[in-house]
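Asks: Structure for the following, please:
(2 chains)
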Amino acid sequence: MKTLMKPFDLSQLSKAHEVRFAEVEGAEEQLPWPQFTVADLNFFYGHHQALKDINLIVPNKRVTAFIGPSGCGKTTLLRTFNRMNEIIPGTRVEGSIRLGDKDLFSFPATTLRRVVGMVFQKPSPFPKSIFDNVAYGLRLDNTLRRNEIADKVEQSLRRAALWEEVKDILHQSANGISGGQQQRLCIARALAVDPEVLLLDEPCSALDPISTAKIEDLLFEIKNQCTIVIVTHNMLQAARVADYVGFFLTGQLVEFNRAKQIFQNPERQETQDYITGRFG
Amino acid sequence: MAHAALTTSGAPNRAGRLGKKQTWLERLRKGDEVVHLITLAGAWSILVITALLVQHLWVYSRLARHAFGWHFLFTSTWDPVNGQFGAWPFVYGTVVTSVLALIIAIPIGLGSAIFLAELAPRKISNALTFLIELLAAVPSVIYGLVGIFLMIPFLTAAMPYIQKVLGWLPIFSGTFYGVSYFTASVVLAIMVIPFIVSISREVLLAVPVSQREAMMALGATKWDVTWRAVVPYARQGIMGSIFLALARALGETMAVTMVIGNVPQVSTSLLAPGYTIAAVIANEFTEATGDLYLHALIELGLVLFAVTMIINALARLLMLTMKAHEVTG
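Replies: Down below sits the predicted model:
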């Protein structure tokens, strides 16, 4: 895919930066480093424009939630962060995204996806054993020894709060465990390769409240180790887990701010309407 | 019915309708029972047809069975003039040509299926698949002609070079006259490849996008995704296509008899002429003089049935052990 690249315009970004983080500047919390810096991003599926002029900074080692009605582009943006959209024919991206201080599109996609992990809406375990599922990403690397892989698998399952439940059935099929466990297994699988960023696309929409609570707890646990970007339809979930929230509407970023600000005192009327359930 | 009774509250006979068991005729009036009967009849008819087939083969092979017993299977003499009948050359020829055909067809068929499902643009893939499915509908006598007029001259020309490299192997020793196990296997492979390609492509395309995306999100390359996520997920369907190809190869008659040479002998060299069960039945049935001859041919049919069953069972067993290994390993 051909990517249209603009030169990186610092003044423009810092302007976006000022606008988006106006609230944060004076606050007691120190401004985090940018993990993703998105500038003038447009995204097209064929002739349909799914994202329009997105400018935002996703802070490092924080939980950022994208909310908005279906079809508003939040998942598209999420999938742009690890370039999963590239596999869909007829898509086109314009504008720039920086990962840290590097151009996101300068990496090979496979390398990028090991740095930016992703968990999908529907739990998608491979039809293999639980152990093999977590070891999959590690084995793609081909440099680790057997016992290192075993250690890493245990460590990842512990980080995903699943170890206690599966430690005796590691070599049974991953299809035999519950949906909530499968989703945590997918998180463990993504964490196994030590990603800098974890993208979650509505990870709890197919799960019951108890499984959802477990996943939210584990997001709290891992957010000091990696940046988390989560797309959710559940406003309460966004309020519970997110430090920052972006509200999207018809492909545009309407408002991006600290979660508290968004939920207590949104600047825009559309945000107010959405979070109070007047549409969407 | 119970549900309907519950909603019509106040009906005088409500309790009675709930309590009474439905008669068979009442249930028959509802569609469910009819569909159940029709599908059940369909399922049973398959069993009945199979049972009748085996029973007939069994009854009309009795003279040969009584005359030769189990030796029939392992005797290599086929001498209708002197009334000596042994099935071994035909069993050997059938198994060897079918297995060799699969060895040739699986890599080519699976490779094409992966290309068509994963790599080729959808339009090209659909067009090619249409052509491949057309190949599956070509009558086998045409394949036999292709074997005689294309494969045999080609293989005859190529054989000195093949033998220069592989001639030290017993299976490539001896003189090549054109008609042989090897020629039959190549023709069979060409015939079964469309089955493997078209079914495998379907099952590969049916692998959920979520499996591919999950793999890709771990930093897998296109090849990793295909080989380590898509193909394992589709493995059962791919195996199914191979079974179907195997069944087709075991039973193929016309194309094989045109290129195998029809000589009832057992030979280590794949370049020697041979015979298969289906071919000998087709060739000799009309000229079978005498009851013993006829019964021996029918017993060959019974043996083919058994060989097909055994090979299919072995293949399924192989798949089960692979599956068990997959989960524990």
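Asks: Could you report the neighbour count for B:Arg62?
Replies: 13 (other C-beta atoms under 10 Å in any protein chain shown). All C-beta atoms are positioned from the backbone trio N, CA, C, and that covers glycine.
Asks: what does the domain assignment say about chain B?
Replies: With domains defined by automatic domain parsing, chain B comprises B:24-59, B:71-328.
Asks: Tabulate those (CSV), appending distance to chain A.
Replies: Shown next, in CSV, are these (distance: least, C-beta to the nearest C-beta, whole Å):
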stretch, distance to chain A
domain B:24-59, 29
domain B:71-328, 4
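Asks: Disregarding residues adjacent in the polypeptide, which is nearest to B:Gly240?
Replies: B:Ile199 (6.6 Å; C-beta to C-beta, 6 or more residues apart in numbering or on different chains).
Asks: Which elements pack onto the host helix or strand of that neighbour?
Replies: Assessed by DSSP states H and E, B:Ile199 sits inside helix B:181-205. Secondary-structure packing of helix B:181-205 (3 or more C-beta pairs under 8 Å, 6 or more residues apart in numbering or on different chains; DSSP states H and E): helix B:88-114, helix B:122-136, helix B:140-146, helix B:152-166, helix B:235-251, helix B:254-259.
Asks: now do 6 Å
Replies: Applying 3 or more C-beta pairs under 6 Å, 6 or more residues apart in numbering or on different chains; DSSP states H and E, one finds that helix B:181-205 contacts helix B:88-114, helix B:122-136, helix B:235-251, helix B:254-259.
Asks: Could you pull up the mean pLDDT of the shortest one?
Replies: Okay, so that is helix B:254-259. Throughout helix B:254-259, pLDDT has a mean value of 94.
Asks: and it, how far from the chain's centre?
Replies: Distance of helix B:254-259 from its chain centroid, counting by C-alpha atoms, centre = their mean, to the nearest Å, is 17 Å.
Asks: Report the beta-bridge partners for the residue nearest the centre of chain A.
Replies: Central residue of chain A (C-alpha atoms, centre = their mean): A:Leu199, 2.1 Å from the mean position. As for beta bridges, A:Leu199 partners with A:Met118, A:Val229 under DSSP bridges.
Asks: for it, what are its contacts?
Replies: A:Leu78, A:Phe81, A:Met118, A:Val229 (C-beta atoms under 6 Å, 6 or more residues apart in numbering or on different chains).
Asks: between those residues, which has the most around it?
Replies: Counting by other C-beta under 10 Å, top hit in these: A:Val229 with 27 neighbours.
Asks: wait, that one sits on A:Thr64?
Replies: Yes. Counting by C-beta atoms under 6 Å, A:Val229 does reach A:Thr64; the two are 5.0 Å apart.
Asks: For chain A, what lies in contact range of chain B?
Replies: Near chain B, the residues belonging to chain A are A:Thr110, A:Arg113, A:Arg114, A:Met118, A:Lys122, A:Ser124, A:Pro127, A:Ser129, A:Gly137, A:Leu140, A:His171, A:Ser173 when assessed by C-beta under 6 Å from any C-beta of the partner chain.
Asks: about what we covered before: now the residue nearest to B:Gly240: how far from B:Val165?
Replies: 34 Å (C-beta to C-beta, to the nearest Å).
Asks: So if I had to pick from the two, which one is more boxed in?
Replies: B:Ile199 (21 against 9).
Asks: Just to check, that one is in contact with B:Ser241?
Replies: Yes. Here B:Ile199 reaches B:Ser241: they are 3.6 Å apart, a contact under C-beta under 6 Å.
Asks: ok but A:Phe105 is inside a helix, no?
Replies: Yes. Counting by DSSP: H, G, I helix; E, B strand; the rest coil, one finds A:Phe105 located in a helix.
Asks: Tell me how many other residues surround it.
Replies: Neighbours around A:Phe105, by other C-beta under 10 Å: 18.
Asks: Where is the longest helix in chain B?
Replies: Across chain B, the longest stretch assigned as helix under DSSP state H is helix B:291-328.
Asks: A:Ala188: which element?
Replies: helix A:179-191.
Asks: Then B:Leu37?
Replies: B:Leu37 belongs to helix B:31-59, assigned by DSSP H and E.
Asks: average pLDDT across that helix?
Replies: 92.
Asks: Tell me which helix or strand comes right after that helix.
Replies: The C-terminal neighbour of helix B:31-59 among helices and strands, as given by DSSP H and E, is helix B:62-68.
Asks: which residues of the stretch 1-150 of chain A score low on pLDDT?
Replies: Under the criterion pLDDT under 70, the flagged ranges of the stretch 1-150 of chain A are A:1-32.
Asks: Tell me which stretches of it form helices.
Replies: Assigned by DSSP state H, counting those that start in this stretch, the helices in the stretch 1-150 of chain A fall at A:10-20, A:22-25, A:74-81, A:109-115, A:130-141, A:146-159.
Asks: Buried ones in the last one, by neighbour count?
Replies: Of the residues in helix A:146-159, those buried by neighbour count under the rule 16 or more other C-beta atoms under 10 Å in any protein chain shown are A:Ile149, A:Ala150, A:Lys152, A:Val153, A:Glu154, A:Gln155, A:Ser156, A:Leu157, A:Arg159.
Asks: what sits opposite the residue of the stretch 151-280 of chain A found nearest chain B in the beta ladder?
Replies: Residue nearest to chain B within the stretch 151-280 of chain A (C-beta to the nearest C-beta): A:Ser173, separated by 5.2 Å. On the basis of DSSP bridges, A:Ser173 is bridged to A:Ser129.
Asks: Would you mind writing the CA trace of stretch B:164-179 as PDB?
Replies: C-alpha atoms of stretch B:164-179 as PDB (Å, rounded to 0.1, in the frame of the first residue of the first chain):
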ATOM      1  CA  LYS B 164      19.900 -41.700 -14.900                       C
ATOM      2  CA  VAL B 165      19.200 -40.000 -11.500                       C
ATOM      3  CA  LEU B 166      16.800 -42.500  -9.800                       C
ATOM      4  CA  GLY B 167      17.600 -45.700 -11.700                       C
ATOM      5  CA  TRP B 168      19.500 -47.200  -8.700                       C
ATOM      6  CA  LEU B 169      16.200 -47.400  -6.800                       C
ATOM      7  CA  PRO B 170      14.500 -50.700  -7.300                       C
ATOM      8  CA  ILE B 171      11.200 -48.900  -7.900                       C
ATOM      9  CA  PHE B 172      12.700 -47.200 -11.000                       C
ATOM     10  CA  SER B 173      14.600 -50.200 -12.400                       C
ATOM     11  CA  GLY B 174      13.900 -52.200 -15.500                       C
ATOM     12  CA  THR B 175      12.800 -51.200 -19.000                       C
ATOM     13  CA  PHE B 176       9.900 -48.700 -19.500                       C
ATOM     14  CA  TYR B 177       7.400 -49.600 -22.200                       C
ATOM     15  CA  GLY B 178       5.000 -46.800 -21.600                       C
ATOM     16  CA  VAL B 179       2.200 -48.700 -19.900                       C
END
